[in-house]
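Enquirer: Just a sequence and a predicted model for now, questions to come.
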Amino acid sequence: MGWLGMQWNGNQSIEDFLKQEVCGDGEHIKPVFYSKKSNSTHFLGIEDNAGKKFMIVILVQFQKNSYGDRDILYKDIDESMGPAELANQKTLNWLEKNIPVPPNDYAKDWRERSYRSILQKKAMSGREYHYPII
């Protein structure tokens, strides 16, 4: 489960690049949701031909290669692996609507940690927010 990388030419958006890299030509899986928490943390909702949906967290880094060009490195992590990177509200809303029951305990824990993080940020800003019980 390492990182994949290639030279980055910047001719397309990171969103389009990630959709193409993860889903290919869309013959077997297609992207149905995209969200970005930061320049390094992206979320992609995928649907297979049978209509099953799942969430992928994609970590992105840029670095200069030995020729002085920029490379893009990315690593995709399935929600069921319980990623360390927390989801944003937009991603959690999509999950509630499309995959209301987490696929396993790791995914459930990831969602709960993400909600708690959002609650803490909202509490510090003085706004009230309630998240669903999973």
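Expert: Good, I have the coordinates. Numbering: from 1, shown residues only.
Enquirer: For the most centrally placed residue in the chain, report the pLDDT, please.
Expert: The centre of the chain sits closest to F43, judged by CA atoms, centre = their mean, with a distance of 2.0 Å. At F43, the predicted lDDT confidence score is 96.
Enquirer: Can you show me the strands along this protein?
Expert: Using DSSP state E, the strands found in the chain span residues 4-7, 29-36, 41-48, 53-64, 70-78.
Enquirer: Give the buried residues for stretch 92-107.
Expert: Buried residues in stretch 92-107, counted by 16 or more other CB atoms under 10 Å: 92, 94-95, 99, 102, 107. For the C-beta atoms, the positions are set from N, CA and C on the backbone; glycine is no exception.
Enquirer: Now tabulate the strands of the chain in CSV and tack on distance to S13.
Expert: Shown next, in CSV, are the strands of the chain (distance: least, CB to CB, whole Å):
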stretch, distance to S13
strand 4-7, 16
strand 29-36, 10
strand 41-48, 11
strand 53-64, 12
strand 70-78, 12
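Enquirer: Give me whichever of those strands is most buried.
Expert: Ranked by mean neighbour count, those are led by strand 41-48 with a mean of 20 (mean count of other CB atoms under 10 Å).
Enquirer: and it, C-alpha only, in PDB?
Expert: Only the C-alpha atoms of strand 41-48 are listed here, as PDB (Å, rounded to 0.1, in the frame of the first residue of the first chain):
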ATOM      1  CA  THR A  41      -6.500  15.300   1.400                       C
ATOM      2  CA  HIS A  42      -9.100  14.500  -1.200                       C
ATOM      3  CA  PHE A  43     -12.300  12.300  -1.000                       C
ATOM      4  CA  LEU A  44     -13.800  10.300  -3.900                       C
ATOM      5  CA  GLY A  45     -17.100   8.500  -3.900                       C
ATOM      6  CA  ILE A  46     -17.100   5.600  -6.300                       C
ATOM      7  CA  GLU A  47     -19.900   3.500  -7.700                       C
ATOM      8  CA  ASP A  48     -19.400   0.100  -9.300                       C
END
